[in-house]
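>>> coords below, sequence missing:
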Ligand code: DC
């Protein structure tokens, strides 16, 4: 069967990764969560003291970029791929609000993007990949056969993230999560390098009022139509 590239972009907490994971599993494709890679770089910057109230020490972070090794390894318990930063499993830490609060600023740095985009292009070179992020259909794989652009209201998205954080044991206030979602939307869509944009050939998918099953069925059918064409 023909293998294709599936690019899923959109605002934060639109459920991109849930759909992407399901799709990859069903099609027996590789799933790449590119947001996890930006989160891991943000964690590296935090842990090395490159982020203060004054902002990110861009010069120091760029200087240390070659020492950052990012990889995904399968977690036998969850069946998903965990993010590793320089050999250490950081899957849980990268999802905390501490990282979410700074990741968009780190992801706006061109040198960071260049390094991660190159790695993502290598990971998807053989096709048979479902990649989710912000610039997959526009920059990483502009020739992807299937491009989706996921949207949902900021409140719905913040509520989903809030529940995830609570379930993960973090004590958070809904308003803080909403502020973080709105702030990241703003930074991600207005940054100079590869802003979050809907590719002209992407299918827009508003899932504010759609259950997971219905979303999956529709998207899986889009994919099948292309694969079987
Ligand atoms: O998908 P996420 O919320 O885990 O992404 C974390 C941050 O990384 C998000 O604020 C924007 C950035 N990002 C990006 O700029 N480009 C990508 N391809 C993926 C994520």
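The structure has been received and is ready for your questions. These numbers come from a predicted model, not from an experiment. Numbering: from 1, shown residues only.

>>> so what's the residue nearest in space to the middle of the chain closest to, chain neighbours aside?
Compute the mean C-alpha point of the chain, and by CA atoms, centre = their mean the closest residue is residue 35, 2.8 Å away. Counting by CB to CB, 6 or more residues apart in numbering, residue 133 is the residue found nearest to residue 35 once chain neighbours are left out, at 6.0 Å. Using the backbone N, CA and C atoms, a C-beta is placed for each residue, glycine as well.

>>> what helix or strand does residue 84 sit in?
Secondary structure assignment for residue 84, by DSSP states H and E: strand 81-85.

>>> Paired strands for the helix or strand just after that strand, with orientation please.
Using DSSP H and E, the helix or strand that follows strand 81-85 in sequence is strand 88-89. With DSSP bridges as the test, strand 88-89 is paired with strand 81-85 (antiparallel).

>>> Residue 52 - how many residues pack around it?
Residue 52: 8 surrounding residues under other CB atoms under 10 Å.

>>> Return the set of residues that bridge with it.
With DSSP bridges as the rule, residue 52 is bridged to residue 55.

>>> and it, what pLDDT?
Listed pLDDT for residue 52 reads 93.

>>> Same check on residue 1?
Per the predicted model, pLDDT is 82 at residue 1.

>>> Name the nearest residue to it, ignoring sequence neighbours.
residue 227 is the one closest to residue 1 (CB to CB, 6+ apart), at 6.1 Å.

>>> now what about whichever helix or strand residue 36 is part of, what contacts it?
Residue 36 belongs to helix 34-47 when assigned by DSSP H and E. With contacts defined as CB atoms under 8 Å, 6 or more residues apart in numbering, helix 34-47 is touched by 12, 17, 51, 56-57, 61, 64, 68, 70, 72, 83, 85-86, 90-91, 93-95, 98-100, 102-103, 105-107, 112, 116, 119-120, 131-134, 136, 140.

>>> in the chain, which spans are strands?
5-10, 30-33, 51-52, 55-56, 70-74, 81-85, 88-89, 129-133, 146-151, 203-206 (DSSP state E).

>>> The ligand is nearest to which of those strands?
strand 129-133 (2.4 Å; CB to the nearest ligand atom).

>>> near the ligand, which residues of this protein show up?
12, 34-35, 38-39, 103-104, 107, 133-135, 184, 188 (CB under 6 Å from any ligand atom).

>>> Could you identify which of these has the most neighbours?
For the residues of the chain next to the ligand, neighbours tallied by other CB under 10 Å; top is residue 133, 29 neighbours.

>>> if I read this right, residue 15 contacts residue 206, doesn't it?
No: contact criterion CB atoms under 8 Å: residue 15 and residue 206 do not qualify, at 11.2 Å.

>>> So the two - more neighbours on which side?
Ranked by neighbour count (other CB under 10 Å), residue 15 and residue 206 place residue 15 first, with 20 against 13.

>>> For the more buried one, give me its contacts.
Counting by CB under 8 Å, 6+ apart, the residues that residue 15 touches are 150, 152, 160, 207, 212, 215.

>>> Show the buried residues in those.
150, 152, 160, 207, 215 (16 or more other CB atoms under 10 Å).
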